[in-house]
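Peer 1: the following comprises the amino acid sequence and a computationally predicted model.
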Amino acid sequence: MDEQVAGNVLSWVVEDQRAIGYWIGKDFWGQDVATRALSAFLQVAMQRPLYAHIAANNLGSIKVLEECGLARTGGAE
């Protein structure tokens with residue numbers, strides 16, 4: 001099997017808020033990789049609430065977050 005790294009998911013603390021982020025290589029866009037990776041991460045990273053900051057025009061990332069059950073609290077409207 002030819003295994004490749006598709007991207008990463010990470011978490012860090014900023015001003016007492018637990019942030020999450022991810023990066024997926026363009027070759028893997030549209031293949032549900034980000035949604036599956038973030039869903040798996042959320043199963044083991046149990047601290048809540050979590051915060052993600054995204055650009056309002058990044059519709060793919062907005063969709064990933066919503067499919068993983070995260071709700072908008074402002075900004076990307």
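Peer 2: Received, thanks.
Peer 1: show me where this structure has helices.
Peer 2: Secondary structure of the chain (DSSP state H): helices located at 33-44, 59-67.
Peer 1: adding distance to D16, write the ones you listed out as TSV.
Peer 2: For glycine as for every other residue, the C-beta is placed from the backbone atoms N, C-alpha and C. Converted to TSV, the helices of the chain look like this (distance: least, C-beta to C-beta, whole Å):
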stretch	distance to D16
helix 33-44	20
helix 59-67	21
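Peer 1: and A37, how many neighbours?
Peer 2: Neighbour count for A37, taken as other C-beta atoms under 10 Å: 19.
Peer 1: quick one: closest of the helices of the chain to Q4.
Peer 2: Across these, Q4 has its closest neighbour in helix 33-44 (10.7 Å, C-beta to C-beta).
Peer 1: quick one: mean pLDDT over that closest one.
Peer 2: Taken as a whole, helix 33-44 carries a mean pLDDT of 95.
Peer 1: identify each buried residue in it, please.
Peer 2: By neighbour count on 16 or more other C-beta atoms under 10 Å, the buried set for helix 33-44 is V33, A34, T35, A37, L38, F41, L42.
Peer 1: helices or strands next to it in the packing?
Peer 2: Judged by 3 or more C-beta pairs under 8 Å, 6 or more residues apart in numbering; DSSP states H and E, helix 33-44 is in contact with strand 7-14, strand 17-24, helix 59-67.
Peer 1: could these go into JSON lines alongside distance to H53?
Peer 2: Formatted as JSON lines, those follow (distance: least, C-beta to C-beta, whole Å):
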{"stretch": "strand 7-14", "distance to H53": "9"}
{"stretch": "strand 17-24", "distance to H53": "7"}
{"stretch": "helix 59-67", "distance to H53": "10"}
